[in-house]
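>>> I would like to see how this sequence folds:
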Amino acid sequence: MEPGILPETPLPSTSREEVWGSDAIARMLQALELPYVALNPGASFRGLHDSLVNYAGNRQPQMLLCLHEESAVAIAHGYAKVTGRMMGVVLHSNVGLMHGSMAIFNAWCDRAPMLILGATGPWDAARRRPWIDWIHTAADQGALVRGYTKWDNQPGSVPAAYDALLRAAQMAMTAPCGPTYVNLDAALQEAKLGELPAPPDPSRFRAAAPPRPEPELVGRAADLLSGAAAPVILVGRGDRTTASWGARVALAEKLRARVITDLKQAAAFPTRHPLHVGPPGSFLSKAAGAALREADVVLALEWVDLAGTLKQAYDDRPIGARIVSASCDVHLHRGFSMDYFGLPPVDVNLLAGADVAVPLLLEACRARERAPAATATPSGSRGGGHEVLSLRAVADALNEATEGVDVCLTRL
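The predicted structure follows:
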């Protein structure tokens, strides 16, 4: 008999004689089809925790127990990167929010969507327990993370909580994506309701489709790229779907464009492809810098710090290449963090995400017959010749040393 793993799925409470504000919030989370909530249990959201178990039965959302708030947020961050979907996080009062703030900032910089629920209070001072409720209550708790979340709110009633959760989910998943924060008063969670208000239909409050560039701009970008003598594509953020990956490769091959990637983002283009230049790194390799300086047209696909990359390649010299940018990051920036980086020169601003722009450019561009300049060295070459110690260099050395040998890698 094979051992099985029994999921932690408690039966929802059969008693419906008493209904609480936290039950309504749990119901709204179910209506939003939130798959998981990662949390480190805390007294400020004991009402919500109870409802997730006894009202929702720990199903959609299922609780993921964590030992630290930073880990809880990081789990949601990773889930978003892999699936492209949003999950939830619950953080305990002000102290849990401060613990999780570093990971929230990481998710903000990575444009990762997540719905963060917080708790405070009771906001009514007359209802606070001595000492502990006072130090766990903040006058403006959302201010702790307002500089690196898309939106925050502290609703004062169940209908307002419904509205806040719908808006937070909508904004988190609207491009450019990012974390949102809804702070729940402990008294609201533990308020006894006469009946459970029906939540609005979430299908009427979904995030809008990612913006698409104007056809005229796509045409201008396609003309520049198709007529280029030495185009270069900077591949930054991108979906992990097979279709998106294939579209990026097909565009590079159609344009015979050299491709540069880096380690600040997940892999979005095969580094062994003959058109890929130099090993990925936090900064440009020598080969990638040379390719960028030789380019007459550069297509930046949600490239992180385009201005800084151009400065690394050109230093103080004039930037001779025409720049085409596919990014809608301009809609997200705040004044707190300088993660908007320098202001790059852009000749054609598509104002759309990379995975929206690439299929349109693939259709609009004409195929180039000229091969890339000979100075570009494919990064997939085996053997020596690596200019820096990189993941590619280590992989090539390992492949060469173990050729013909069965190898098992653990804890890599």
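
>>> C-alpha from now on. contacts and neighbour counts both.
Will do.

>>> And for residue 194, the neighbour number?
Neighbourhood size, residue 194 [other Cα atoms under 10 Å]: 10.

>>> Thought residue 19 was touching it, still the case?
Yes - Residue 194 lies in contact with residue 19 (Cα atoms under 8 Å); the separation is 6.9 Å.

>>> Counting neighbours, which bits of the lowest-mean-pLDDT helix or strand in the chain end up buried?
Across the helices and strands of the chain, mean confidence by mean pLDDT, DSSP states H and E is lowest for helix 391-401: a mean of 82. Across helix 391-401, burial judged by 16 or more other Cα atoms under 10 Å covers 392, 393, 396.

>>> The last one and residue 406, how far apart?
This means residue 396. For residue 396, the distance to residue 406 equals 16 Å [Cα to Cα, to the nearest Å].

>>> Likewise for the first one?
Summarising the geometry, the distance separating residue 392 from residue 406, computed by Cα to Cα, is 20 Å.

>>> Contacts for stretch 232-249, please.
82, 84, 252, 257-262, 265-266, 268-269, 291-292, 295, 297-304, 354-355, 358-359, 362 (Cα atoms under 8 Å, 6 or more residues apart in numbering).

>>> Span of it from start to end?
13 Å.

>>> try stretch 130-137
Per Cα to Cα, the first residue of stretch 130-137 is 12 Å away from its last.

>>> buried sites along it?
133, 136, 137.

>>> again, but for stretch 64-76
For stretch 64-76, a neighbour-count test (16+ other Cα under 10 Å) marks 68, 69, 70, 71, 72, 73, 74, 75, 76 as buried.

>>> Distance from that stretch to the middle of the chain?
Chain-centre distance of stretch 64-76: 16 Å, with Cα atoms, centre = their mean, to the nearest Å.

>>> before we move on, the earlier item: just the buried ones among the contacts of stretch 232-249, please.
84, 252, 257-262, 265, 268-269, 291-292, 295, 297-304, 354-355, 358-359, 362.

>>> quick revisit: in helices, which of the contacts of stretch 232-249 fall?
If you go by DSSP state H, the contacts of stretch 232-249 have 82, 252, 291, 292, 354, 355, 358, 359, 362 in helices.

>>> so which one among those residues has the lowest pLDDT?
Least confident entry in these, by pLDDT: residue 82, with 92.

>>> Now do the closest residue to that residue other than its chain neighbours, the pLDDT please.
The spatial neighbour of residue 82 that comes closest, neighbours along the chain excluded (Cα to Cα, 6 or more residues apart in numbering), is residue 240 at 7.2 Å. Confidence at residue 240, expressed as pLDDT, is 87.

>>> What of residue 373?
pLDDT, residue 373: 50.

>>> Same question for residue 7.
66.

>>> can you check residue 248 too?
pLDDT, residue 248: 98.

>>> How much space separates it from residue 354?
Distance from residue 248 to residue 354, by Cα to Cα: 9 Å.

>>> and residue 338, how many residues sit next to it?
Around residue 338 there are 10 residues (other Cα under 10 Å).

>>> Next, give phi and psi for it.
Per-residue torsions, residue 338: phi -90, psi 30 (degrees, to the nearest 10).

>>> measure it to residue 305 for me?
The gap separating residue 338 from residue 305 is 11 Å, by Cα to Cα.

>>> Now do the biggest helix by length in the chain: which elements does it pack against?
Identified as the longest helix of the chain according to DSSP H is helix 93-109. Applying 3 or more Cα pairs under 8 Å, 6 or more residues apart in numbering; DSSP states H and E, we find helix 93-109 packed against helix 69-83, strand 114-120, strand 179-185.

>>> From the contact counts, what lies against the one helix or strand residue 216 maps to?
For residue 216, the host element (DSSP states H and E) is helix 215-226. Contact here means 3+ Cα pairs under 8 Å, 6+ apart; on that basis helix 215-226 packs against strand 297-301, strand 348-349, helix 354-364.

>>> Kind regards, and thank you for your time.
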